[in-house]
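Enquirer: Sequence and predicted structure are below.
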Amino acid sequence: AMRRSLRIAAVLCSARGLVAPARRAAPTRLMASASGAPEDETRGGTASLADQVARFAQAQKDDNRRYLDIASVFDGSSLKGKRVAITGGSRGLGLEIAKAAMDVGAEVLVICRSGTVDGAKIYDGVDVTDAEACASAAKQIVEDGGPVDVLINNAGYFYGPCEKVTDNSLNFEEELKQIDICAVGPLRVSNALYQAGGLVQGSKIAIVTSQAGSCEWRFTQNKDEGGDYGHHM
């Protein structure tokens with residue numbers, strides 16, 4: 001249970017929580033920190049450094065307890081009794097988030113293509129690239145219990161082979177697929193729930209993303225090599 005709590009802590013404490021359109025948050029200015037990285041606009045901490053080794057060293061230097069021992073700062077009690085919807089929640093990271101949310105008393109709604117999760121309500125047959133399927137699931141979710149308190153857009157996709165211009169190995173179809181799932185997918189699901197009345201004032205959206213979307217990360221993962229274009233977009 002503790003390990004699962006750590007996993008959901010890592011998502012809910014680090015994902016950017018967005019308030020549903022009914023209530024807009026005030027704009028926040030990014031400030032420079034002593035470490036040279038910009039201040040994180042939601043937590044007041046330091047934004048992630050692209051280089052993972054350097055990031056860990058910086059956390060040790062700063063004695064960053066949130067990074068080194070997230071259990072010491074995470075309290076999932078606020079999720080007790082809340083309706084939490086998770087895309088891609090039947091396997092991998094999404095499954096661990098679902099289990100962790102249930103561990104702290106949340107009512108978990110898993111939106112997925114297929115699969116089962118003990119203790120969670122399953123809305124399967126949903127591909128986040130299919131607007132009609134997203135709308136149908138959103139309508140059913142609201143009919144089953146009203147709006148959700150938290151939507152976690154977790155569903156994602158990664159194309160494994162390294163692509164390079166120099167050897168003409170770019171796979172444009174796979175690049176578009178990654179963008180469709182990882183970038184447009186959260187918009188489809190969020191929009192479907194909002195239009196169905198599933199996101200109301202006070203509802204929150206979390207988007208699980210990848211540091212690979214950072215231009216800076218390319219200087220670490222693909223330094224002087226290029227490649228992985230679809231994923232980095």
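Expert: It's in.

Enquirer: Can you list phi and psi of the most centrally placed residue in the chain for me?
Expert: Taking C-alpha atoms, centre = their mean as the criterion, V208 is the residue nearest the geometric centre of the chain, at 1.2 Å. Dihedral angles phi and psi of V208 (degrees, to the nearest 10) take the values phi -80, psi 120.

Enquirer: pretty sure it contacts G156?
Expert: Yes - V208 sits in contact with G156 when judged by C-beta atoms under 8 Å, with a separation of 7.0 Å. Any C-beta I mention is one placed from the backbone N, CA and C, and that applies to glycine too.

Enquirer: so which helix or strand takes in Y157?
Expert: Assigning secondary structure by DSSP states H and E places Y157 outside every helix and strand.

Enquirer: er, V53 I mean
Expert: For V53, the element it lies in under DSSP H and E is helix 52-62.

Enquirer: Now that helix: buried residues?
Expert: Burial within helix 52-62, assessed by neighbour count using 16 or more other C-beta atoms under 10 Å, is assigned to 55, 58-59.

Enquirer: quick one: least confident of those?
Expert: When these are compared on pLDDT, R55 comes out lowest, with 81.

Enquirer: tell me the secondary structure for the residue lying closest to that one once chain neighbours are set aside?
Expert: What sits nearest to R55 in space, not counting adjacent residues and going by C-beta to C-beta, 6 or more residues apart in numbering, is L49, at 4.2 Å. Three-state call for L49 (DSSP: H, G, I helix; E, B strand; the rest coil): coil.

Enquirer: What values do phi and psi take at the closest residue to the residue nearest to the centre of the chain other than its chain neighbours?
Expert: For V208, the nearest residue in space outside its immediate sequence neighbours is N154; the separation is 4.5 Å by C-beta to C-beta, 6+ apart. Backbone torsions of N154, given as degrees, to the nearest 10, read phi -110, psi -20.

Enquirer: try the one 5 residues further on
Expert: Torsion angles at Y159 (phi, psi; degrees, to the nearest 10) stand at phi -90, psi 120.

Enquirer: how deep is it tucked in, by neighbour count?
Expert: Each residue near Y159 was counted by other C-beta atoms under 10 Å, and the total is 16.

Enquirer: Can you report how many residues lie near the nearest residue to G226 once chain neighbours are set aside?
Expert: Leaving out its chain neighbours, the residue that sits closest to G226 by C-beta to C-beta, 6+ apart is K164, at 5.6 Å. K164 sits with 15 neighbouring residues when counted by other C-beta under 10 Å.
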